[in-house]
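Asks: Sequence first, then the predicted structure:
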Number of protein chains: 2
Amino acid sequence: MHILITGAAGMIGRKLTQRLVGAGALNGEPIDKLTLLDVVAPTAPAGGACAIETVAADLSAPVTATPAIAPRPQVIFHLAGVVSGEAELDFEKGYRVNLDGMRALLEAIRAIGDGYRPRLVYTSSIAVFGAPFPHSIPDDFHLTPRTSYGAAKAIGELLLADYTRRGFCTGVGIRLPSIVVRPGKPNQAASGFFSSIIREPLAGMDASLPVPDSVVHTHASPRAAVGFLIHAAGLSREALGARINLSMPGVCCTVAEQIAALRRIAGERVAARVRPAHDPLIARIVEGWPQRIEARRARELGFKAESSFHEIIRIHIDEDRGGSFVA
Amino acid sequence: MHILITGAAGMIGRKLTQRLVGAGALNGEPIDKLTLLDVVAPTAPAGGACAIETVAADLSAPVTATPAIAPRPQVIFHLAGVVSGEAELDFEKGYRVNLDGMRALLEAIRAIGDGYRPRLVYTSSIAVFGAPFPHSIPDDFHLTPRTSYGAAKAIGELLLADYTRRGFCTGVGIRLPSIVVRPGKPNQAASGFFSSIIREPLAGMDASLPVPDSVVHTHASPRAAVGFLIHAAGLSREALGARINLSMPGVCCTVAEQIAALRRIAGERVAARVRPAHDPLIARIVEGWPQRIEARRARELGFKAESSFHEIIRIHIDEDRGGSFVA
C-alpha cells in the first residue's frame, strides 16, 4: 500500500507518520511506501520497513498536486493547512492553502480517472461551527463558522462529500476537537492556553490562564487524533453512507476540571503554576467556540477519544515528556 | 442608486428587472442605473426612468467580474447560475459558473476596497439540504447537499458569510424553494413537473405526473421570489446578524393538493389533463428533496410567501396568462 500524507511536517503529521511506520501496515495491508509532503520537506523517521519519500511542495498550486497524486496513492491523509489565527490575519493565504489546496488535490485525483478512487481522509475542525450553540452540538447542526479558517474547512467538507458522491474518491472528513496537550513551545493561537496550562507547569514553568476557569471545551489528545485518522482510513463505504463529514468525540470539561486533573497527577505545586491573567480578547474569541460536541455518529462508527482529561495529561507525560515531570 | 443584476436574462432576473423598473426605487431610494448582466445580453425593458445597461459576459472569468463591479453598484443581485440538472451532467461547468463565478464576484468586490461594501443578495436554494430529513427542516439544519448544484450553492453561502463577516460586502443568501408556476416551455429539470402540471392544463394541454400525488414539497411563486430578493436588499445589518443565509418560506403541500387547487380554480376538465405517468428515476430524485421548510427566521424577518397553492396558481394566471385559461 502507498500512503500520501500532506502537512506531514506538522505535529499530527509527524505522530501519524511514526505510528504508521511503527505499525508497518494500515487496514491490515502492509505499507510499501509513504510519501510525506509539506511546504518544508518533512524529516523521514528512521527504523521503518517501507520506502519513505519526502517532498517539499506547496499543494495549493495545481502543478504540485498532480505529481503528488500521479503514483496513485491508495490512501491520502490531507492534513496540510494554515491554522485559524494565520488564516484570520492573512485572508488570501488562508483561502489559498485551505480552500485552493484542497480543491487542487481533489482535481488532481479526478484528473487521473481510470477507476482511481483513493481513500481521502480530510482533517476538518469543530471551527466549522459558530455561536450561538445549543447545550450540546448535534451531528446535524448547521455550519456557520465565524473564522475564515472554519469557512474554508466547511467548504472543503462540501467539496469532499460531492467528489465522493460522484465517485472520484472515497472521502471521510473528521472534525477534530481541540488537540491537547500540544508538545513544543507556546504558540500564538487563541486556543494555545488549553495546552500551555498543562505543558508549562509540568515543565516547571508558569502558565497564564486568559479565561475564566468555568470555560467548557472539548479536547482530545494527539494520540486520539492519530487514532481518528487511522480509523477513518479503514471505515467501509457502507458504514459511512452519504454523510461522510463527522464530528469527532472528545472529553468535554471545564478549565477548572483540567487544572484539577493536573493537580491529582502532579500535585498542588505544579497546579499552582497556572496563573489567572484575564485577557478580554482571548476570552471573547473563546466564547464563540463550540463547547460540547455530541459526536453520536462518530462514536457509533467506533471513533474513540479519551474518557477523562486525566488520561489526556497522562498521554502527554508518556509520549512527549518521557514519563516524568518537574514536581 | 446603481443596481447590478447577474443572470438578468433568466426568468427571475427578468421579473426582478420589470419590478425594479416599474417601482423606480429600491429601499426608498430612486434607481439611477440598472446594469443587466448575463452570458447572453439581456433585453432592456422599455418604459423605465433609469438608465439601463446590458452586458453579455461570463462572470466566472475574473476579467469579467472586475469591470462589472468597477462602477461600484450599491446593490448586487447575484442570480447567475447553472441549474441543478446541468451541473450534474457537466461537473466542470457547474463548479465553474456556480462556485468560481461567485468567488470571482466576491474577489472583484474585495479588490476595490476603499470602503466599498455593497449589499449582495445571493440566490441559494433548498438544494443545499439533503435527505434524510426531519419532518420539517429547521433553520439550524446541516447542509448535506446531494447534488453538485446544491454543494456549490452551499459553498457560495459560506463564502458570502465570511466575506460579509470580514466587512467586504453585506451579504444575504436566500434559499429559494421550488418556484412555480414557471412560465414558458417545459424544461428537462426533474422539478419541472411541479410547474407543468399547472401550466400545461391551463393552456389546454395534457401534462404528465411522474410521481405519486402524495409527494410533499415547498413552493413559492416567481412573484414571491422577486419579493424575497427585494426584501433581502432592504434588511438592516443589525436585523440580519451573523447568520445571513436564510431558508425562505413557501407553501408546503402535496401534489394532490396542487391538483385540487387547480380543479377549484379551473374546473374538472382542466384538472383531468394531468395524467399520471410514473417515472421511477424522477420519483427517486424527488424522494431525496426537502419536503417541509420551517423558515422561522425568514418569516420573523418579514419575508412573505403565498399562503396557499390556490394563490400561486392565481398569480400565474394573472402574471403570465393575461388573466385567462383554456377551460
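Replies: Thanks, I have the structure now.

Asks: beta partners of the residue nearest to A:S307 when sequence neighbours are not counted?
Replies: The shortest distance from A:S307 to any non-neighbouring residue, by C-beta to C-beta, 6 or more residues apart in numbering or on different chains, is to A:V251 (7.2 Å). Every C-beta, even on glycine, is put in place using the N, C-alpha and C of the backbone. Counting by DSSP bridges, A:V251 forms beta bridges with A:H219.

Asks: Going along the chain, name the strands of the stretch 51-200 of chain A.
Replies: In the stretch 51-200 of chain A, the strands defined using DSSP state E, counting those that start in this stretch lie at A:51-56, A:75-78, A:119-125, A:136-137, A:170-176, A:178-179.

Asks: Could you export the ones you listed as TSV, including mean pLDDT, distance to chain B and mean neighbour count?
Replies: Formatted as TSV, the strands of the stretch 51-200 of chain A follow (pLDDT from 0 to 100; distance: least, C-beta to the nearest C-beta, whole Å; neighbours: other C-beta atoms under 10 Å in any protein chain shown):
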stretch	mean pLDDT	distance to chain B	mean neighbour count
strand A:51-56	94	27	15
strand A:75-78	98	17	25
strand A:119-125	97	13	26
strand A:136-137	94	10	18
strand A:170-176	98	11	24
strand A:178-179	94	21	22
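
Asks: Let me have these in TSV, extended by distance to B:P290.
Replies: Listed next are the strands of the stretch 51-200 of chain A as TSV, based on distance: least, C-beta to C-beta, whole Å:
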stretch	distance to B:P290
strand A:51-56	44
strand A:75-78	30
strand A:119-125	24
strand A:136-137	22
strand A:170-176	22
strand A:178-179	34
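
Asks: how far away is A:T66 from A:V97?
Replies: 17 Å (C-beta to C-beta, to the nearest Å).

Asks: okay, the two: which has more neighbours?
Replies: Using other C-beta atoms under 10 Å in any protein chain shown, the more surrounded residue of A:T66 and A:V97 is A:V97, with 23 against 16.

Asks: Please list all residues in contact with that one.
Replies: A:58-60, A:80-82, A:87 (C-beta atoms under 8 Å, 6 or more residues apart in numbering or on different chains).

Asks: Quick check on these: which are buried?
Replies: A:58-60, A:80-82, A:87 (16 or more other C-beta atoms under 10 Å in any protein chain shown).

Asks: For chain B, state which of the residues you listed is nearest.
Replies: A:A87 (10.1 Å; C-beta to the nearest C-beta).

Asks: What is the neighbour count of the nearest residue to that closest one once chain neighbours are set aside?
Replies: Excluding its sequence neighbours, the residue lying closest to A:A87 (C-beta to C-beta, 6+ apart) is A:G94, at 2.8 Å. Using other C-beta under 10 Å, A:G94 has 24 other residues around it.

Asks: and A:G94, what does it touch?
Replies: A:G94 neighbours (C-beta under 8 Å, 6+ apart): A:82, A:86-88, A:148-149, A:152.

Asks: now those in JSON lines, with distance to B:G227?
Replies: Below are the contacts of A:G94 laid out as JSON lines (distance: C-beta to C-beta, whole Å):
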{"residue": "A:V82", "distance to B:G227": "41"}
{"residue": "A:E86", "distance to B:G227": "43"}
{"residue": "A:A87", "distance to B:G227": "37"}
{"residue": "A:E88", "distance to B:G227": "37"}
{"residue": "A:S148", "distance to B:G227": "33"}
{"residue": "A:Y149", "distance to B:G227": "36"}
{"residue": "A:A152", "distance to B:G227": "34"}
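
Asks: now those in a markdown table, with pLDDT?
Replies: As requested, the contacts of A:G94 are exported to a markdown table (pLDDT from 0 to 100):
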| residue | pLDDT |
| --- | --- |
| A:V82 | 90 |
| A:E86 | 87 |
| A:A87 | 90 |
| A:E88 | 89 |
| A:S148 | 94 |
| A:Y149 | 94 |
| A:A152 | 98 |
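
Asks: for the residue nearest to A:R299 when sequence neighbours are not counted, what are its contacts?
Replies: Excluding its sequence neighbours, the residue lying closest to A:R299 (C-beta to C-beta, 6+ apart) is A:P249, at 5.4 Å. Contacts for A:P249 (C-beta under 8 Å, 6+ apart) come out as A:177, A:220, A:293, A:295, A:298-299, A:303-305.

Asks: Can you tell me which one of the contacts of A:V97 carries the smallest pLDDT value?
Replies: Of all the contacts of A:V97, A:S60 carries the smallest pLDDT score, 83.

Asks: Tell me how far it lies from A:G13.
Replies: In terms of C-beta to C-beta, A:S60 sits 17 Å off from A:G13.

Asks: so what's A:L36 bridging to?
Replies: Taking DSSP bridges as the rule, A:L36 bridges to A:I5, A:T54.

Asks: How many residues are close by it?
Replies: With other C-beta under 10 Å as criterion, A:L36 counts 25.

Asks: Confirm for me that it is in contact with A:G13.
Replies: Yes. Using C-beta atoms under 8 Å, A:L36 is in contact with A:G13, at 7.5 Å.

Asks: pretty sure A:V172 is in contact with A:T123, am I right?
Replies: No. In this structure, A:V172 is not within contact of A:T123 by C-beta under 8 Å, at 10.2 Å.

Asks: Give me every residue in the stretch 201-327 of chain A lying close to chain B.
Replies: Taking C-beta under 8 Å from any C-beta of the partner chain as the contact definition, the stretch 201-327 of chain A meets chain B at A:242-243, A:245.

Asks: Next, format the residues you listed as JSON lines and append neighbour count.
Replies: Below are those laid out as JSON lines (neighbours: other C-beta atoms under 10 Å in any protein chain shown):
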{"residue": "A:A242", "neighbour count": "13"}
{"residue": "A:R243", "neighbour count": "15"}
{"residue": "A:N245", "neighbour count": "25"}
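
Asks: Dump the residues you listed to a markdown table, plus distance to B:V286 and secondary structure.
Replies: Below are these laid out as a markdown table (distance: C-beta to C-beta, whole Å; DSSP: H, G, I helix; E, B strand; the rest coil):
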| residue | distance to B:V286 | secondary structure |
| --- | --- | --- |
| A:A242 | 17 | coil |
| A:R243 | 20 | coil |
| A:N245 | 25 | strand |
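
Asks: Now do stretch A:126-135: everything it contacts.
Replies: Counting by C-beta under 8 Å, 6+ apart, A:84, A:137, A:141, A:143-147, A:149-150, A:153-154, A:157, A:175-178, A:218, A:247, A:287-293, B:242 sit against stretch A:126-135.

Asks: Endpoint to endpoint, that stretch covers what distance?
Replies: End-to-end distance for stretch A:126-135, by C-alpha to C-alpha, to the nearest Å: 15 Å.

Asks: Which positions in that stretch come out as buried?
Replies: Using 16+ other C-beta under 10 Å as the test for burial, stretch A:126-135 gives A:126-130, A:133.

Asks: how does chain A divide up, domain by domain?
Replies: Residue ranges for the domains of chain A, per automatic domain parsing: A:2-179+A:219-247, A:192-218+A:251-292+A:307-320.

Asks: Of the contacts of A:V97, which belong to helices?
Replies: The helices, defined by DSSP state H, take in A:A87 from those.

Asks: Between the contacts of A:V97, which sits nearest A:G267?
Replies: A:G81 (37.4 Å; C-beta to C-beta).

Asks: ok, how many other residues are close to A:L301?
Replies: A:L301, neighbours per other C-beta under 10 Å, totals 17.

Asks: hang on, isn't it packed against A:L246?
Replies: Yes. Using C-beta under 8 Å, A:L301 makes contact with A:L246 at a distance of 7.1 Å.

Asks: For burial, what's the neighbour tally of the residue nearest to A:S307?
Replies: 24.

Asks: Repeat that for A:D32.
Replies: Per other C-beta under 10 Å, the neighbour tally for A:D32 reads 12.
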